[in-house]
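Trainee: I would like to see how this sequence folds:
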Amino acid sequence: VSDVSSLGACPALHTLNLADCSGVSDVSALGACPALHTLDLSCCIGVRDVSSLGACPALHTLHLSGCNRVGDVSALGACPTLHTLSLTNCGGVSDVSALGACPALHTLNLTECSGVSDVSSLGACPALHTLNLSCCWGVSDVSALGACPALHTLDLTECDGVSDVSALLAAIPGLELKGK
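Mentor: As a prediction, the model looks like this:
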């Protein structure tokens, strides 16, 4: 599969799995799918631009793991129902500030997003429950995450820049902290 442009004419499209379709590079047509709920683009190494997905009002689950050419995820901040986002090994991603505008964001995996250094905006995510920052070597301050009332699990494995989590643990006493 390499051309998904015709899928934009499918208003009822709910779930689409294009994992490992290395020929897929342009997903702009998917922004015209108002019912799109679950999209797996894992290892679609040709994908660079996911800005059109910000126009998907029903988008709930998005897997971009291994899409190492994706850099800008700011448009995803416009997804009101985005619940689960996996950006594992998206080394081009450095700015996740727009994701702080996702009111339903529950699970965010930023494993090996080595360009990410500032996660303070994620403190504005009221539903954030699970955050994986493994191997995000640029992250040094996670104190703003103390404002996430639902945060249950935080993985800081190999986040050597994070040295003090005392304020975070004081703000969220039951937090399951991994890697520290």
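Trainee: now this structure, which segments are flagged as low pLDDT?
Mentor: For the chain, applying pLDDT under 70 flags no range at all.
Trainee: which residue ranges of it form strands?
Mentor: Applying DSSP state E to the chain gives strands spanning 15-17, 38-40, 61-63, 84-86, 107-109, 130-132, 153-155, 176-178.
Trainee: roughly how far apart are the closest residue to Ser28 other than its chain neighbours and Leu131?
Mentor: Spatial nearest neighbour of Ser28, excluding adjacent residues (CB to CB, 6 or more residues apart in numbering): Ser52 at 4.3 Å. Using the backbone N, CA and C atoms, a C-beta is placed for each residue, glycine as well. Relative to Leu131, Ser52 is positioned 26 Å away (CB to CB, to the nearest Å).
Trainee: between those two, which one's more packed in?
Mentor: Legend: neighbour count by other CB atoms under 10 Å for Ser52 and Leu131, higher for Leu131 (23 against 17).
Trainee: what is that one paired to in the beta sheet?
Mentor: Judged by DSSP bridges, the bridge partners of Leu131 are Leu108, Leu154.
Trainee: quick check: it touching Leu122?
Mentor: Yes - under the criterion of CB atoms under 8 Å, Leu131 makes contact with Leu122 at 6.8 Å.
Trainee: pull up the overlap in contacts between those two.
Mentor: Contact with both Leu131 and Leu122 is made by residues Leu108, Leu145, according to CB atoms under 8 Å, 6 or more residues apart in numbering.
Trainee: contacting residues around the nearest residue to Gly46 once chain neighbours are set aside?
Mentor: Leaving aside its chain neighbours, Gly46 sits nearest to Ser25 (3.4 Å; criterion: CB to CB, 6+ apart). Listed by CB under 8 Å, 6+ apart, the contact set of Ser25 reads Ser2, Cys44, Gly46, Val47, Arg48.
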